[in-house]
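Undergrad: Predicted structure and sequence below. I'll ask about it afterward.
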Amino acid sequence: MMNIRKSTDRGHANHGWLDTWHTFSFADYHDPNWMGFRDLRVINDDIVHPGSGFGKHPHRDMEIITYILSGELQHGDSMGNGRVIKPGEFQYMAAGTGVVHSEFNPSEKEAVHLLQIWILPDRRNAKPAYAEKKMADAAPGKLHLIASKTGRDSSISVNQDADLYLARFSESETVTHALKPGRHAWVHVAEGQVNINGNLLKGGDAVALSEEAKVELAGHGHSQVLLFDLA
C-alpha cells in the first residue's frame, strides 16, 4: 500500500526570513490526516535567509535531525556544542530531559536550505546527546545508513527503532531496499526527481509504504532521497 504526499499539498508559511513547508502538522498548520507517520513526526523543508535564524529555544523528549542541502547553518546549544553545519552534513540532537539551542544562517548573501526532522523517542527523559555525520562525499547509487537504534555500521545511535538512509543519484542508478514484515517506509525526495516503486516524484514529494516487500528507487539525474525504515 502506498500513499503519496505531493510537495504542493504540504503546509506552507512564509515569515519573510523563513520560507517553510511542513510535510506534517506543525505550528499554525494543522491537518488531522497528516499528523505524522509511525514515529516520524516532523519533516520541515526550510529556507532561512541570510543573517536570520532561530533564536535560543527549548526542546525536550524529541529526536531531532537536521540535514543541510545548501548553504550553511550555525548551531549552538546548552550542551556546549557549537559549529557551522555544511551541505551534505547531518546533525543529530536528542532533546531528552531538555536542551536549549539556536540555529542561525551566518552568511550575508546565501540562503540555507535544510530539512529538519523530528522522530518520537522510545522513552521519555533520555540523556541529551549530540552527533554529526558528514555525507558530502557519499557515493551515488547506494543506500547509506545515517541513523539507527543500535548505531550499527557507524551510524548515529538514536532513541527509537528507526533507520534513516540517504540515497544519492547522479544519473540513472537504481537502489532497492527490502522491508521486513511489519516494517513501514517513508521516502522523502530531497532534491531532483526519483521513481519510487513506479511513481515519479520530485523534490518535496514523499510517499508512505506499508505492507510492501521492498522500496525501489531509480534516480533521474542529480537527485537525493531520505528513506525512513520504521516499526
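TA: Here it is on my side, so go on.

Undergrad: Which residue lies nearest the spatial centre of the protein?
TA: Residue closest to the mean C-alpha point of the chain, counted by C-alpha atoms, centre = their mean, is Ile117 at 4.3 Å.

Undergrad: Now it. Its backbone dihedrals?
TA: The phi/psi pair for Ile117 (degrees, to the nearest 10) reads phi -120, psi 130.

Undergrad: From the geometric centre of the chain, which residue sits farthest away?
TA: Largest separation from the mean C-alpha position in the chain: Glu108, at 25.4 Å (C-alpha atoms, centre = their mean).

Undergrad: can you tell me how far that residue sits from Lys86?
TA: For Glu108, the distance to Lys86 (C-beta to C-beta, to the nearest Å) stands at 17 Å. All C-beta atoms are positioned from the backbone trio N, CA, C, and that covers glycine.

Undergrad: Centre of the chain to stretch 7-24, how far?
TA: When C-alpha coordinates are averaged (C-alpha atoms, centre = their mean, to the nearest Å), stretch 7-24 and its chain have centres 15 Å apart.

Undergrad: My error: substitute stretch 159-168 in the last question.
TA: Taking the mean of its C-alpha atoms, stretch 159-168 sits 9 Å from the chain's own mean (C-alpha atoms, centre = their mean).

Undergrad: still on that earlier bit, residues near the closest residue in space to the residue farthest from the centre of the chain that isn't next to it in sequence, how many?
TA: Sequence neighbours aside, Pro50 is the residue nearest to Glu108 in space, at 5.4 Å (criterion: C-beta to C-beta, 6 or more residues apart in numbering). Neighbourhood size, Pro50 [other C-beta atoms under 10 Å]: 15.

Undergrad: do the same with His15
TA: 10.

Undergrad: for it, what are its contacts?
TA: Residues near His15 by C-beta atoms under 8 Å, 6 or more residues apart in numbering: none.

Undergrad: So what are the sheet partners of the longest strand along the chain and their directions?
TA: The longest strand of the chain (DSSP state E) is strand 214-230. Using DSSP bridges, strand 214-230 pairs in its sheet with strand 162-169 (antiparallel), strand 174-178 (antiparallel), strand 184-196 (antiparallel).
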